[in-house]
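Trainee: give me a 3D structure for the following:
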Amino acid sequence: MHRPPVASLLICLWLVERSHCNGSLQESMGVLHTRFALSLYQTLTETENNSNLIVSPVSVSLSLGLLQFGARGNTLAQLEGTLGYNVNDAQVHDLLLHSQDDESNTSQGMWLQQTCTLFIQSGVQLLTEFTQHAAVWANTSVVRANFSQPNHTRSPQERPNHNHDETWPLQAGSSSGELSGSGEAQTEALWWGHRLQMALVNTVAFRGVWQKHFLFTNTQNLPFTLSDGSAIKVPMMYQATEVSFGQFRTASDLRYTVLELPYLGRSLSLQLVLPSERKTQLSSLDSQLNARQLASWDTGLRRTKMDIFLPRFRMQNKFNLRSVFPAMGISDAFNPTAADFTGISVEEGLYVSDAFHEVRIEVTEDGTKAAAATGSVLFMGRVMNPADQAP
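Mentor: I've put the predicted structure just below:
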């Protein structure tokens, strides 16, 4: 059995099941979700250098969709421009709600749940129309909070009856540096922060069992090539099986391969992307991917019997996406003087101070466990060093 060194991997966890709605609209929404997923992933890779990375685009888009219900003017236009759609459109709204119901359904060997929590400063009067929209939007909770106190709130997953003991540091200016300085400017910033803040926390939890398990007895310590060309030994899972496999190339003629491993029930699959040339950096590949190329994977994969070597890995990332969204075209929502959320409250100056996103994923012989704080890409990330384990 030939055991070639495995190099850095780009991973995508796809929801391949489709709901039975308007086909053309559903196809268009799928393309928009994929574009957003790539934009989010590629923006994050610019700041994360050569570290392991995992993000849940579906979870992030869920939160931004919630904000659209209450956004107006240029704030809404920026959200729509980045997502590519407006949830206030009746057809889009119905399709997304239907998709959320499909994704919430559990099946044998698979469990998936999404939640979105919007913390709003206590005392802010909410409009009934917004709370009605939020009540039916994919396990959304609107929670009152006191932003003048550090570590004062917990998301639904972090309350005493949940197995999670971490609190989000929803402290005014805790991550943006807005409270630096002194005098009148600082007093004004404190007033904004304590009076009209909102914060987003989104989560996705997923557990999936492989359609065909990797046997623990086949796992061995084998070489994995790092981005600098050096190799380390990591636990490498193995199985000989028939999988969907394809070879592709980017517009600049960079060649790469895609392999798809289905989970039990085949409604979800993990797609692994690897440069064909070992000397090619993964960063050179993922920066060139676009939605059209990802769509071509569906028709370009062929069933092939082959030896599969996959590193066992566990990753975790924590992001405050308020520093990421401006690069994607969303800035007004985080600016107290520019944000327009008069669809949430008639009080002017309401803005989003933080957008927290935490993701964990673990791939083992049995399958995958993942948690992140509607579309086809549930998780997207890269494995640069499987030995760099999350806590």
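Trainee: alpha carbons only for contacts and neighbour counts from here, please
Mentor: OK.
Trainee: which one is Ala135 nearest to, not counting chain neighbours?
Mentor: Ser141 (7.2 Å; C-alpha to C-alpha, 6 or more residues apart in numbering).
Trainee: so which elements touch the helix or strand containing the one you found?
Mentor: If you go by DSSP states H and E, Ser141 is part of strand 140-145. In terms of contacts (3 or more C-alpha pairs under 8 Å, 6 or more residues apart in numbering; DSSP states H and E), strand 140-145 is packed against strand 110-121, helix 128-135.
Trainee: before we move on, the earlier item: correct me if wrong: the residue nearest to Ala135 contacts Phe130.
Mentor: No. Ser141 sits out of contact with Phe130 when judged by C-alpha atoms under 8 Å, with a separation of 11.9 Å.
Trainee: picking that back up, parallel or antiparallel, list what pairs with the strand holding Ser141.
Mentor: Within its sheet, strand 140-145 is paired with strand 110-121 (parallel), according to DSSP bridges.
Trainee: mind listing what's buried along the partner strand?
Mentor: For strand 110-121, a neighbour-count test (16 or more other C-alpha atoms under 10 Å) marks Met110, Trp111, Leu112, Gln113, Gln114, Thr115, Cys116, Thr117, Leu118, Phe119, Ile120, Gln121 as buried.
Trainee: from Arg360, how far off is the fifth one?
Mentor: When you say that, I think you mean Gln114. In this structure, Gln114 and Arg360 are separated by 14 Å, where distance is defined by C-alpha to C-alpha, to the nearest Å.
Trainee: the fourth one now?
Mentor: Counting by C-alpha to C-alpha, the gap between Gln113 and Arg360 amounts to 14 Å.
Trainee: enumerate every residue touching Pro326.
Mentor: Pro326 makes contact with no residue under the criterion C-alpha atoms under 8 Å, 6 or more residues apart in numbering.
Trainee: can you tell me the SS state at it?
Mentor: Pro326 carries the three-state label helix when classified by DSSP: H, G, I helix; E, B strand; the rest coil.
Trainee: ok, now Asn385?
Mentor: coil.
Trainee: then Phe224?
Mentor: Reducing the assignment at Phe224 to three states with three-state DSSP gives strand.
Trainee: surely it and Val234 touch.
Mentor: Yes. The pair Phe224 / Val234 is scored as a contact, 6.6 Å apart, by C-alpha under 8 Å.
Trainee: neighbour count: the two, which is higher?
Mentor: Comparing Phe224 with Val234 by other C-alpha atoms under 10 Å, the one with more neighbours is Phe224, at 25 against 19.
Trainee: can you tell me how far the more buried one sits from Met236?
Mentor: 9 Å.
Trainee: low-scoring stretches of the stretch 51-200 of the chain, by residue?
Mentor: Scanning the stretch 51-200 of the chain for pLDDT under 70 picks out the ranges 100-109, 149-195.
Trainee: what segments of it are strands?
Mentor: Counting by DSSP state E, counting those that start in this stretch, the stretch 51-200 of the chain has strands at residues 53-55, 110-121, 140-145, 197-209.
Trainee: Ser353: which of those is closest?
Mentor: Evaluated with C-alpha to C-alpha, the strands of the stretch 51-200 of the chain place strand 197-209 nearest to Ser353, the distance being 5.7 Å.
Trainee: that closest one: partners in the sheet, and parallel or antiparallel?
Mentor: Using DSSP bridges, the strands paired with strand 197-209 are strand 110-121 (antiparallel), strand 351-363 (parallel), strand 367-372 (antiparallel).
Trainee: so which of the ones you listed is nearest Ala240?
Mentor: Between Ala240 and these, the shortest gap by C-alpha to C-alpha is with strand 367-372, which sits at 16.1 Å.
Trainee: let me know the average pLDDT across the closest one.
Mentor: Averaged across strand 367-372, the pLDDT comes to 75.
Trainee: now do stretch 274-292
Mentor: In this model, stretch 274-292 has a mean pLDDT of 85.
Trainee: got the buried residues for it?
Mentor: Counting neighbours by 16+ other C-alpha under 10 Å, one finds that the buried residues in stretch 274-292 are Leu274, Pro275, Ser276, Thr280, Gln281, Leu282, Ser283, Leu285, Asp286, Leu289, Asn290, Ala291.
Trainee: same deal with stretch 129-140?
Mentor: For stretch 129-140, the buried set under the neighbour-count rule, 16+ other C-alpha under 10 Å, comprises Phe130, Thr131, Ala134, Trp137, Ala138, Thr140.
Trainee: make TSV out of the residues you listed and add distance to Leu10.
Mentor: Output for the buried residues of stretch 129-140, formatted as TSV (distance: C-alpha to C-alpha, whole Å):
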residue	distance to Leu10
Phe130	38
Thr131	39
Ala134	34
Trp137	31
Ala138	28
Thr140	30
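Trainee: out of those, what pair is the most spread apart?
Mentor: Going by C-alpha to C-alpha, the two entries of the buried residues of stretch 129-140 that are most distant from one another are Phe130 and Ala138, at 14.2 Å.
Trainee: verify the stated contact: Thr203 with Ser59.
Mentor: Yes. The pair formed by Thr203 and Ser59 meets the contact definition of C-alpha under 8 Å, at 6.3 Å.
Trainee: just the endpoints, please. Distance across stretch 139-148?
Mentor: Its start and end residues considered, stretch 139-148 measures 27 Å (C-alpha to C-alpha).
Trainee: starting at the chain centroid, how far to it?
Mentor: Taking the mean of its C-alpha atoms, stretch 139-148 sits 21 Å from the chain's own mean (C-alpha atoms, centre = their mean, to the nearest Å).
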